[in-house]
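1. return atomic coordinates for the entry below.
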Amino acid sequence: GNLFFLYFCNMKHLILTFIASLLILCLHAQKWQHTIGYPGTLEEGRELIEHYDHGYLVTSSRSAGSGDHRGWLVKTDINGNKLWDIELGMNPDVVFIYKTLYDNEGYIYIFGLIVQDTEYDWPLVVKLNACGEKVWCKNLYNPDFYYGFFKDAMLLDNGDLLGLAYFPDETQYDIIFLFCLSPDGEYKWKKSYASKANYPDFAQRTGNTIEKFGDTYIISGYVYSPYPGNPNHAFLRPMFIGIDEEFKEKWVIEYGISDSLLGKAEGAIAINDTLFLGVGRHRFVENGTEDQQSWLMFFDANGNERGYKLLSDSQFGPEI
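-> Numbers count the residues shown, from 1 in each chain. Below you'll find the model as predicted:
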């Protein structure tokens, strides 16, 4: 009994010592705050990711007035101190950055759009080394379309670049594309998804994000489409596109038609190997007043809807 009491007292002392040490570490934990920008310009942050060296890449834009818009990438160290920055686009060129990626060697890939000498936007990809120096850039101009730009991108396992682009034409026939480029900037292929060739009732549509889950790629976005049998009016629907490993379209979901629900999809996550959860916004208009709620949308690996859940702002808290 005495030995147990002694052991218990020693353990209690160790636990209290550990808690006290943890509190001291928390109280003395390093915190920092930095303001990044220049006088007389407007800077807007778009994305922040951790780089290979645990510093940060801040994707943003800079503007000094009407018509002067430049893509701006800032590299910081682990404590947020700026190491370098680079601007993309000089007046009259206009550049927007939508997605920044990096590979295992620290090379940085920037996806966005560029406007050069015309009123039309075209997809842009830029590769930088780890020091922010340009390696190559690719302007994917296509005279068959009015304009186009990248909305999302990812690195493939073989090192290739996959960009999700929006490329509308006059007929709205083929709009959503995946572009594949090599790490050296070589154009490899592009493919269309949710085409009017397969879905003749589809009107305006776009993909917001692309993600990979196992052997399936999923594009999340929206489509304007009519109720079955009533082609006179199109409604806003969340859309998910399933794509196999060879980048062939497997299925397209117009979510919520049977329940008369409207809205957009912003992304998806995998619940398990056969069930996915799409996330987005439910849109409801009554007497001219619009209400948007968070929307959880379940679907399976075969493109079948498996139920949904609407979440009101009050379920998150009064500050939301």
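2. span of stretch 51-70 from start to end?
-> Its first and final residues considered, stretch 51-70 spans 22 Å by C-alpha to C-alpha, to the nearest Å.
3. any idea how many residues pack against L73?
-> 22 (other C-beta atoms under 10 Å). Placement of C-beta: from N, CA and C, glycine included.
4. where do the helices sit along the stretch 151-300 of the chain?
-> Ranges of helices within the stretch 151-300 of the chain: none, based on DSSP state H, counting those that start in this stretch.
5. ugh, wrong one, the stretch 1-150 of the chain
-> Shown for the stretch 1-150 of the chain, the helices assigned by DSSP H, counting those that start in this stretch span residues 2-27.
6. tell me where the model's unsure across it.
-> For the stretch 1-150 of the chain, the stretches with pLDDT under 70 are 1-30, 65-68, 90-92, 116-119.
7. strands along that one, start to end?
-> 42-50, 56-65, 68-76, 82-88, 94-102, 108-115, 122-128, 134-139, 149-155 (DSSP state E, counting those that start in this stretch).
8. can I get those in TSV including distance to G267?
-> Shown next, in TSV, are those (distance: least, C-beta to C-beta, whole Å):
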stretch	distance to G267
strand 42-50	14
strand 56-65	18
strand 68-76	23
strand 82-88	26
strand 94-102	13
strand 108-115	17
strand 122-128	21
strand 134-139	26
strand 149-155	9
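9. so what does the helix or strand where G307 lies touch, helix or strand wise?
-> Counting by DSSP states H and E, the element that carries G307 is strand 305-311. Under the contact definition 3 or more C-beta pairs under 8 Å, 6 or more residues apart in numbering; DSSP states H and E, strand 305-311 sits against strand 289-300.
10. coming back round to it: run the chain-centre distance for the strand holding G307.
-> 22 Å (C-alpha atoms, centre = their mean, to the nearest Å).
11. what about the strands in the stretch 151-300 of the chain?
-> 161-166, 176-181, 187-193, 205-213, 216-227, 230-243, 249-254, 263-270, 275-286, 289-300.
12. the fourth one: which residues count as buried?
-> The neighbour-count check on strand 205-213 (16 or more other C-beta atoms under 10 Å) flags 205-211, 213 as buried.
13. out of the residues you listed, which comes closest to L101?
-> Each of those was checked against L101 using C-beta to C-beta; the closest is I210, at 12.1 Å.
14. so how far is P143 from that closest one?
-> I210 is 25 Å from P143, where distance means C-beta to C-beta, to the nearest Å.
15. got it, and K309?
-> 45 Å.
16. with neighbour numbers in mind, choose between these two.
-> Neighbour count, other C-beta under 10 Å: between K309 and P143, K309 has more, with 11 against 5.
17. what about the residue lying closest to the more buried one once chain neighbours are set aside, how many residues close to it?
-> Spatially, and ignoring its direct neighbours in sequence, K309 is nearest to L296 (4.3 Å; C-beta to C-beta, 6 or more residues apart in numbering). L296 has 14 neighbours, counted by other C-beta under 10 Å.
18. how about W84?
-> What W84 shows, counting by other C-beta under 10 Å, is a neighbour count of 13.
19. show me what it bridges to in the sheet.
-> Per DSSP bridges, the residues bridged to W84 are K75.
20. same question for D152.
-> L164.
21. ok, now L128?
-> L128 has these beta-bridge partners by DSSP bridges: I108, K134.
22. quick check: S314 is in a strand.
-> No - read with DSSP: H, G, I helix; E, B strand; the rest coil, S314 is helix and lies in no strand.
23. begin at 763 from now on, thanks
-> I'll keep to 763 as the first residue from here, and by that count the last item is S1076.
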